[in-house]
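Engineer: please work out how this folds:
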Amino acid sequence: MGALSAWELTLEHHWEALWARVVGKEPVELLAVLRRECDDHAVVCSERLVVVPNAYDVELDAAVHDELTRRDSHVGQALTDSLARHADREGYVWAGPLTVRVVRSSHLPNGRYRVASRATAHVGAEAVADRPRDRQRR
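Structural biologist: Below is the predicted model:
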């Protein structure tokens, strides 16, 4: 294991410890669910190309979400970084730019969460804006 990989693992363990203190639960559980969601929806396109969803929604119990936002935690970015490292280790290719969206849910029991994923194409505003102009020129 290289020095950079060891450093990344150390950072991940520190983040997990912080999550455990804030939420009062093991963050490994949520990270494992995110990784499993990624693995379960992997599509093998060829021997060297495995594509995985790039958009993940994490719904958190209202109390947990409020606590994290009150402390100005960047939980979405931390989850994104952890999932990106997992994909790098597995050799996955994202279906588009990776995003992990953390949202508050009032429908989940205390301390629970829900994870969902999908593959979304990256459509820039320029691509949409160019279409009407192209039609006008013709």
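Engineer: all the strands of this structure, in order from the start?
Structural biologist: 43-46, 49-52, 55-61, 93-94, 99-105, 113-118 (DSSP state E).
Engineer: alpha carbons of the first one, as CSV, please.
Structural biologist: If I follow you right, that is strand 43-46. In CSV, the C-alpha atoms belonging to strand 43-46 read as follows (Å, rounded to 0.1, in the frame of the first residue of the first chain):
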residue,chain,number,x,y,z
VAL,A,43,-23.0,-2.9,-15.2
VAL,A,44,-20.2,-4.9,-16.8
CYS,A,45,-19.8,-3.5,-20.3
SER,A,46,-16.6,-5.3,-21.1
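Engineer: which other helices and strands does that strand contact?
Structural biologist: strand 49-52 (3 or more Cβ pairs under 8 Å, 6 or more residues apart in numbering; DSSP states H and E). For glycine as for every other residue, the C-beta is placed from the backbone atoms N, C-alpha and C.
Engineer: then the fourth one?
Structural biologist: With contacts defined as 3+ Cβ pairs under 8 Å, 6+ apart, strand 93-94 has these neighbours: strand 49-52.
Engineer: try 6 Å
Structural biologist: For strand 93-94, there is no helix or strand it packs on, judged by 3 or more Cβ pairs under 6 Å, 6 or more residues apart in numbering; DSSP states H and E.
Engineer: ok, Pro109 to Leu34 distance?
Structural biologist: As judged by Cβ to Cβ, to the nearest Å, Pro109 and Leu34 stand 19 Å apart.
Engineer: looking at those two, which is more packed in?
Structural biologist: Leu34 (21 against 6; other Cβ atoms under 10 Å).
Engineer: so for Glu29, which of the strands of the chain sits nearest?
Structural biologist: strand 113-118 (8.7 Å; Cβ to Cβ).
Engineer: that closest one pairs with which strands?
Structural biologist: Next to strand 113-118 in the sheet, as set by DSSP bridges, lie strand 55-61 (antiparallel).
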